[in-house]
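Undergrad: Structure for this input, please:
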Amino acid sequence: MKKNVIAVCLAGVMAVSLAGITGCSSEVKNGKEPQAEVPKEPFGGAVKYDPAVQVNGGKDITVELWEWGSDDLFQKIIDGYTAIHPNVTIKLVNNPWNDYWTKLPLALGGESGPAIFNVHNSYHENLINYMAPYDIPVEDLQADFTGVDAHMIDGAVYYIDYGMMTGSVYYNKAMWKEAGLTEADIPKTWDEMRKAAGKLTVKEGDKIVRAGLNFNGDFHQNYLLGLNYQLGANLFQEDGRTPNVSSKEMKQVMQMLVDMYEVDGAGSKDFGEKGADSFGQEQSAMVIQWGHFYNTLKTNYPDVDFGVFEIPAFDNNPYAYNRYNGESTFGVNKNAPADQQAVAQDIVKYFLANDEVQIEFNLAMSTFPAKISLADNEKILANPSLSVLAEHIDRYIWPGPMPSTMETSLQKAGQDIFFNGIDIETALEAAQNNIIRDMKNSTFVSVENMYKYAK
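TA: Next comes the predicted model:
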């Protein structure tokens, strides 16, 4: 058996905390180095992990875990898991994002690919044929996690979401106060949002010195691919495959964006290439960004005093507030040797059952936990980009792993409208036709009908 030395109690803290163990001790097994204390009782919810069950019959085994750049985060899983199972060696392999999606499918198609690997749902079609279904009862997954049904394929689950990310409004607190706004002025509707943006805008003559709202560079992600739901329109038609981006609702959203710049004067297409950078540089008072922006601000712009509030709606009773995308759980390589697959399946169960790991991952990614029991966790709610989602988290829709043409085609439509003088209807019709062409050979089918409040 390999040595698995953990010198301090903290190395096994996630596994320890789940069992309610308050002390920390070590023991000698088979004359080997001291091991970290491990839970003695099963933990988790419906998906339960029993640390007393041996893996691979207690025999030594090595598996590879591939990921694309969060070494410290994944190492915490490895440390906790191997503290329980010192016969297992998990080799962490980091590939840069762009290389990952080239190398991983090739590796999975061979005989020496990783037994377990990080998944992103945008590459679903490239990976799903290499994945083994989870060896966990679907009803247990459904009991513990939201959104499981949308991931089912012929009654099986190959990965789910551990966290949900969506857009929220980030605002500069100093600018907010300077404009005479208070907490009572936090907008609930788009009309209120436009008024607040006007008050936050600073001009010298006709020149904008500070934008009240800046959506340059990401309007297609944070507005066009989400606000349609507030107006009751899905991104895809009833067949789940035909895009709905030339709908009257999408035209209404696009018209609002144009009006906020060209009528309200709260920003400008020429005021910085990226709204997110402009906010960090304190040249824009508000932006709508997805949850990862919270960590970006803390890392790259630590001096910016910012607040977060939920995205406004067109009225007080929206069909849904926005779409979300999930951060995915692990994939298991169906072509890996049977003993390695069994270990991979066990690691997945450990990951899903372990609340502390779930909290760590969601905080690191600024995602709202898909694990239902963590919705009111105090550590989660201490993060403002997550706490603002808590009340209405069930009013966000996942459309499924959309093909990238949805984003790129709408991005081009917006650029044509703002920079090339093309009218809204023509630009959105062109986007519609382009998406249809690009999706001709795609297997994608929307799961918007899985939404809790689907019409």
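Undergrad: the strands in the stretch 351-455 of the chain, which residues?
TA: Ranges of strands in the stretch 351-455 of the chain, per DSSP state E, counting those that start in this stretch, are 368-369, 396-397.
Undergrad: Now do P312 against M175, distance only.
TA: 18 Å (C-beta to C-beta, to the nearest Å). In short, each C-beta sits where N, CA and C put it, glycine included.
Undergrad: Neighbours of G280, how many?
TA: A count of nearby residues for G280, using other C-beta atoms under 10 Å, gives 21.
Undergrad: neighbours around the residue lying closest to it once chain neighbours are set aside, how many?
TA: In this structure, G280 finds its nearest non-sequential neighbour in Y301, 3.9 Å apart by C-beta to C-beta, 6 or more residues apart in numbering. Applying other C-beta under 10 Å, we find 15 residues neighbouring Y301.
Undergrad: And the pLDDT for Y301?
TA: At Y301, the model reports a pLDDT of 98.
Undergrad: ok, now T22?
TA: Per-residue pLDDT puts T22 at 29.
Undergrad: can you check E262 too?
TA: pLDDT, E262: 97.
Undergrad: what's around it, how many residues?
TA: With other C-beta under 10 Å as criterion, E262 counts 12.
Undergrad: if I look at it, how far off is S268?
TA: Taken as C-beta to C-beta, the span from E262 to S268 is 9 Å.
Undergrad: just S404 next, same as before
TA: Computed with C-beta to C-beta, the distance linking S404 and S268 is 28 Å.
Undergrad: can you map out the helices along the stretch 351-455 of the chain?
TA: Assigned by DSSP state H, counting those that start in this stretch, the stretch 351-455 of the chain shows helices spanning 355-365, 378-381, 384-387, 405-419, 424-438.
Undergrad: right, and those helices - which one's nearest N317?
TA: In terms of C-beta to C-beta, the element of the helices of the stretch 351-455 of the chain nearest to N317 is helix 384-387, at 22.0 Å.
Undergrad: Contacts for the closest one, please.
TA: 168, 291, 293-294, 307-308, 362, 366-368, 380-381 (C-beta atoms under 8 Å, 6 or more residues apart in numbering).
Undergrad: For that helix, buried residues please.
TA: For helix 384-387, burial by neighbour count (16 or more other C-beta atoms under 10 Å) applies to 385-386.
Undergrad: export it as CSV, just CAs?
TA: What follows is helix 384-387, C-alpha atoms only, in CSV (Å, rounded to 0.1, in the frame of the first residue of the first chain):
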residue,chain,number,x,y,z
PRO,A,384,-23.5,38.7,-2.3
SER,A,385,-23.4,37.4,-5.9
LEU,A,386,-25.1,34.2,-4.6
SER,A,387,-27.4,35.6,-1.9
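Undergrad: Quick check: mean pLDDT of it?
TA: So the average pLDDT for helix 384-387 ends up being 96.
Undergrad: Report the distance from it to the chain centre.
TA: From the chain centre to the centre of helix 384-387 is a distance of 14 Å (C-alpha atoms, centre = their mean, to the nearest Å).
Undergrad: hmm, which helix or strand of this structure has the shakiest average pLDDT?
TA: Across the helices and strands of the chain, the lowest-confidence element by mean pLDDT, DSSP states H and E is strand 26-27, at a mean of 34.
Undergrad: what about the helices in the stretch 1-150 of the chain?
TA: For the stretch 1-150 of the chain, the helices defined by DSSP H, counting those that start in this stretch occupy 13-18, 71-84, 97-108, 124-127, 138-144.
Undergrad: Now render those helices as TSV, adding mean neighbour count, mean pLDDT and distance to M152.
TA: What follows is the helices of the stretch 1-150 of the chain, written out as TSV (neighbours: other C-beta atoms under 10 Å; pLDDT from 0 to 100; distance: least, C-beta to C-beta, whole Å):
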stretch	mean neighbour count	mean pLDDT	distance to M152
helix 13-18	22	38	28
helix 71-84	19	94	25
helix 97-108	15	96	21
helix 124-127	18	94	13
helix 138-144	17	98	7
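Undergrad: Switch the ones you listed over to CSV, and while doing so, append distance to I347 to every line.
TA: Converted to CSV, the helices of the stretch 1-150 of the chain look like this (distance: least, C-beta to C-beta, whole Å):
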stretch, distance to I347
helix 13-18, 13
helix 71-84, 6
helix 97-108, 17
helix 124-127, 17
helix 138-144, 16
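Undergrad: in this protein, what spans have low per-residue confidence?
TA: Along the chain, the parts satisfying pLDDT under 70 run over 1-37.
Undergrad: count of neighbours near N354?
TA: By other C-beta under 10 Å, neighbour count at N354 equals 26.
Undergrad: So what does it look like in phi/psi?
TA: The phi/psi pair for N354 (degrees, to the nearest 10) reads phi -90, psi 100.
Undergrad: That one contacts V47, correct?
TA: No: using C-beta atoms under 8 Å, N354 is not in contact with V47; the gap is 9.8 Å.
Undergrad: Next, count neighbours for the closest residue to Y451 other than its chain neighbours.
TA: Nearest residue to Y451 in three dimensions, chain neighbours excluded: I397, at 4.8 Å (C-beta to C-beta, 6+ apart). I397: 27 surrounding residues under other C-beta under 10 Å.
Undergrad: One more: A174?
TA: A174: 13 surrounding residues under other C-beta under 10 Å.
Undergrad: Against G307, how distant is it?
TA: 10 Å.
Undergrad: try Q340
TA: From Q340 to G307 the distance is 47 Å (C-beta to C-beta).
Undergrad: Mind checking which of the contacts of helix 384-387 are buried?
TA: Buried among these (16+ other C-beta under 10 Å): 168, 291, 293-294, 308, 362, 366-368, 380.
Undergrad: Would you format those as CSV with distance to V138 included?
TA: Listed next are the buried ones among the contacts of helix 384-387 as CSV, based on distance: C-beta to C-beta, whole Å:
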residue, distance to V138
S168, 31
G291, 27
F293, 34
Y294, 33
V308, 35
N362, 22
S366, 28
T367, 22
F368, 22
I380, 25
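Undergrad: State the pair within the residues you listed that is farthest apart.
TA: The largest separation in these, counting by C-beta to C-beta, is between F293 and I380 at 17.1 Å.
Undergrad: Tell me the spacing between P96 and F117.
TA: 15 Å.
Undergrad: and the two? which has more neighbours close in?
TA: When P96 and F117 are compared for neighbours, F117 comes out ahead with 26 against 9, by other C-beta under 10 Å.
Undergrad: hang on, the earlier thing: measure the residue nearest to Y451 to M164 for me?
TA: For I397, the distance to M164 - C-beta to C-beta - is 10 Å.
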